[in-house]
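> Quick one: sequence and predicted model below, then my questions.
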Amino acid sequence: MANFTHHITGEHFELYAKPVKLHTQKGQQLWQNYIKSQDVYLNDVYYTMSEEKKTAYNSIETLFMRTQDAVRLRICTHNTFNFTMGFCYANTEEDGYVHFYLLYFTRDNTYIVEITPYMYGNLNVLF
């Protein structure tokens, strides 16, 4: 598992995420799940929910709120047992350029996908 460190509102936060290339089948699956979803809150997808689901949702929501330049928090997929979530954010890298990322959370893994305009096109879908 790759170690990915990024800057969150003045603090350094270490997050372990599996890098996925956007042009791969997995990258396209994560991206399509993310951009097709309009669900934001647990009660958008569940009538009742367990404490475990609430805790998982609140943890990701907190990370989203603390992440500088984060946009469009979404519940990407869901079923009776699990849900996945994601959000995008912009980060100025050491090369001086702004890079865009999708952080995608599943029950077992966190993935990071770099979203590049030349691979996706217009990023207005995010901002």
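Yes, it's here.
> List the buried residues for the lengthiest helix in the chain?
Assignment by DSSP state H gives helix 51-66 as the longest helix of the chain. Residues 53, 56-57, 60-61, 63-64 are the ones in helix 51-66 that count as buried (16 or more other C-beta atoms under 10 Å). (Each C-beta comes from the backbone N, C-alpha and C, glycine too.)
> how much does the helix or strand following it deviate in direction from helix 51-66?
Proceeding N to C from helix 51-66, the next assigned helix or strand is strand 70-78, under DSSP states H and E. Here strand 70-78 points in a direction 160 degrees away from that of helix 51-66 (axes from the mean of the first three to the mean of the last three C-alpha atoms, to 10 degrees).
> next structured bit after strand 70-78?
strand 83-92.
> Name every strand pairing with that following strand and say which way it goes.
Partners of strand 83-92 in the sheet, by DSSP bridges, are strand 70-78 (antiparallel), strand 98-105 (antiparallel).
> between those strands, which gets the lowest average pLDDT?
Lowest mean pLDDT within those: strand 98-105, a mean of 90.
> Great, nothing more from me.
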